[in-house]
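Q: Okay, predicted coordinates and the sequence, questions at the end:
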Amino acid sequence: MRAKRIVFLDWATMAYNQEELSWRRFAPLASSVDVFPSTAPEETVAHIGDADVVICNKVLITKEVFDACPNIRYVGVLATGFNNVDLEAATAHGVAVCNAGSYSTDAVAQLVFAYIFDYCQRVSLYAMETRLGNWETAPAFSYFPFPTSELRGKTIGIIGYGHIGKRVAEIAAVLGMQVVIATRTKPENCPYPVTETEEVFASADFVTLHCPLTEQTKHLVSKQMLARMKETAVLINTSRGGTVNEQDLADALNHDMIAAAYVDVLDKEPMRPDTPLKTAKNCVITPHIGWTPLETRKRLLEITEDNLHGWMNGNPQHQVNRIAEEPMD
């Protein structure tokens with residue numbers, strides 16, 4: 001069983017060169033495959049055309065797109081989040097939508113601790129100091145004008161206790177940190193204290209966000225919540241940029257209300273020149289790299305292929321909407 005036509009709308013989000021990853025593994029699944037490095041909103045309908053299978057990462061698949069492209073039967077999202085697809089419209093058109101599940105758990109948790117280690121050990125700062133020659137003129141064998149700290153005994157507050165939040169908690173516990181959780185639904189058999197979000201912000205030395213972007217979590221990090229944090233606390237965001245009011249966070253950093261922030265996601269991506277956090281004190285911004293290790297992207301592509309296979313055989317996996325779906329002809 002094969003699709004008539006598969007279209008990739010933003011392949012450049014997956015790979016910068018063919019040596020890294022290839023879409024050709026999907027060729028046996030369709031009569032034809034078209035690959036676009038990127039798709040602007042005004043190009044979406046034309047790029048999709050008569051395709052019955054659409055695979056994308058961030059391209060918006062709106063009601064208007066579904067109305068204009070009636071041949072679509074399946075949308076595969078190259079991500080865990082699927083807020084770029086109008087699920088109500090997809091369901092009304094009988095289109096199955098599948099995401100990639102928890103493909104990036106280890107990679108994102110790894111980035112969280114890269115941030116934490118960087119802050120506690122000042123690795124990048126001290127590397128720059130040695131490059132500038134400041135160790136060469138030090139009065140003693142060890143040069144440490146900037147304080148470092150141990151993680152053992154520090155409190156990490158985790159907002160959201162899904163796959164990534166759980167992995168972050170596991171690693172933190174191994175490092176001897178105190179773990180406290182805030183989550184919408186109280187988990188069963190959770191080995192860590194579960195409390196209110198406000199209490200997590202007030203008590204933690206590190207607050208790390210692992211919640212989806214919803215009406216309830218939009219601008220969760222506001223001036224009111226930041227005011228609860230310790231002056232020595234660090235905020236980490238690897239979830240969604242919209243969970244943070246960026247101007248409020250910039251103001252908090254610039255007025256020394258908190259010690260630092262590490263963010264991998266912004267409200268508008270790519271980053272805009274006028275992003276308030278760009279010039280904020282003690283703010284480290286990385287360009288949405290948490291999900292990008294090669295092993296992670298390979299896993300993502302494998303899951304996407306498996307999802308498509310499953311749908312074709314009448315056994316869809318990671319489907320995020322409910323429709324009456326028949327196996328492909």
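A: Yep, that arrived.
Q: which parts of the single longest helix found in the chain are buried?
A: Longest helix of the chain, by residue count under DSSP state H: helix 294-312. Neighbour counts using 16 or more other C-beta atoms under 10 Å place 296-297, 299-301, 303-305, 307-308, 310-312 of helix 294-312 among the buried residues. In this view, the C-beta of every residue, glycine as well, is placed from N, C-alpha and C.
Q: now do stretch 181-191
A: Neighbour count says stretch 181-191 has 181-183 buried, by 16+ other C-beta under 10 Å.
Q: nearest to Asn99, of those residues?
A: Proximity of the buried residues of stretch 181-191 to Asn99 (C-beta to C-beta) peaks at Thr183, which lies at 20.2 Å.
Q: residues contacting the residue most central in space within the chain?
A: Nearest to the mean C-alpha position of the chain, by C-alpha atoms, centre = their mean, lies Ser239 at 4.7 Å. Shown in contact with Ser239 (C-beta atoms under 8 Å, 6 or more residues apart in numbering): 160, 209-213, 265.
Q: Please repeat the previous calculation with a cut-off of 6 Å.
A: 209-211 (C-beta atoms under 6 Å, 6 or more residues apart in numbering).
Q: In a strand, Leu4, correct?
A: One correction, residue 4 is Lys, not Leu. Yes: membership of Lys4 in a strand is supported by DSSP: H, G, I helix; E, B strand; the rest coil.
Q: I figured it was touching Val33, is that so?
A: No: using C-beta atoms under 6 Å, Lys4 is not in contact with Val33; the gap is 10.8 Å.
Q: And those two? Which one has more around it.
A: Per other C-beta atoms under 10 Å, whichever of Lys4 and Val33 has more neighbours is Val33, with 20 against 15.
Q: Leaving out the residues flanking it, which one is nearest to Pro316?
A: Gly310 (5.1 Å; C-beta to C-beta, 6 or more residues apart in numbering).
Q: can you pull out the strands in the stretch 1-150 of the chain?
A: 3-8, 30-35, 53-56, 74-77, 96-98 (DSSP state E, counting those that start in this stretch).
Q: Report the distance from stretch 26-41 to the chain centre.
A: Mean-position distance between stretch 26-41 and its chain equals 24 Å (C-alpha atoms, centre = their mean, to the nearest Å).
Q: Next step: the contacts of Ser239 restricted to strands.
A: Among these, the residues falling in strands (DSSP state E) are Leu209.
Q: and the residue of the chain positioned farthest from its centre, how far is that from Thr279?
A: Ranked by distance from the centre of the chain (C-alpha atoms, centre = their mean), the top residue is Pro139, with 44.6 Å. Pro139 sits 34 Å away from Thr279, going by C-beta to C-beta, to the nearest Å.
Q: quick revisit: now do the longest helix of the chain against strand 30-35, angle only.
A: 140 degrees (axes from the mean of the first three to the mean of the last three C-alpha atoms, to 10 degrees).
Q: Just the mean pLDDT for helix 294-312, thanks.
A: If you average the pLDDT over helix 294-312, you get 96.
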